[in-house]
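# Sequence unavailable; structure follows:
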């Protein structure tokens, strides 16, 4: 294929400035309270993938697999367990967690509050 001459090459036509985008709010103004995704809402794809993984895991015998993993590879099982635990623990009804250290009592006298 022969090389085109410089007079045959058509460059994009320069246009004027773009029309401003129409937004529901003006720059610098706070957004409405219901704008955007709610805090803590997961992506739809993430939710879908997690759901599909959960269903396949259940179909393949999740409990038996985890039992075998705990015996054969305790380190991998502990890592998996740590990742599945909640990262923030709160007390009853979202109150701060209260930790009391009890010492000098035999195990039979320790009472666990629920």
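Nice, thanks for sending it over. Since the model is a prediction, treat every value here as computed from it, not as a measurement.
# Could you tell me how many residues sit around residue 77?
Using other Cβ atoms under 10 Å, residue 77 is surrounded by 16 other residues. In short, each C-beta sits where N, CA and C put it, glycine included.
# Please identify which helix or strand holds it.
Counting by DSSP states H and E, the element that carries residue 77 is helix 74-84.
# in terms of contact count, name the helices or strands touching that helix.
For helix 74-84, the contact count by 3 or more Cβ pairs under 8 Å, 6 or more residues apart in numbering; DSSP states H and E identifies helix 62-72 as packing neighbours.
# returning to that earlier point: average pLDDT across the helix holding residue 77?
Averaged across helix 74-84, pLDDT comes to 89.
# in it, what counts as buried?
residue 77 (16 or more other Cβ atoms under 10 Å).
# and the angle from that helix to helix 62-72?
Orientation of helix 74-84 against helix 62-72 (axes from the mean of the first three to the mean of the last three Cα atoms, to 10 degrees) gives an angle of 130 degrees.
# Please compute how far helix 74-84 lies from its chain's middle.
Centroid separation between helix 74-84 and its chain, computed with Cα atoms, centre = their mean, to the nearest Å, is 18 Å.
# same deal with stretch 63-74?
On the basis of Cα atoms, centre = their mean, stretch 63-74 sits 26 Å off its chain's mean C-alpha point.
# Contacts made by that stretch with the rest, please.
Stretch 63-74 has contacts (Cβ atoms under 8 Å, 6 or more residues apart in numbering) with 57, 76-77, 80.
# which other helices and strands contact the lowest-mean-pLDDT helix or strand in the chain?
Across the helices and strands of the chain, mean pLDDT, DSSP states H and E gives its lowest value to helix 44-59, namely a mean of 84. Judged by 3+ Cβ pairs under 8 Å, 6+ apart, helix 44-59 is in contact with no other helix or strand.
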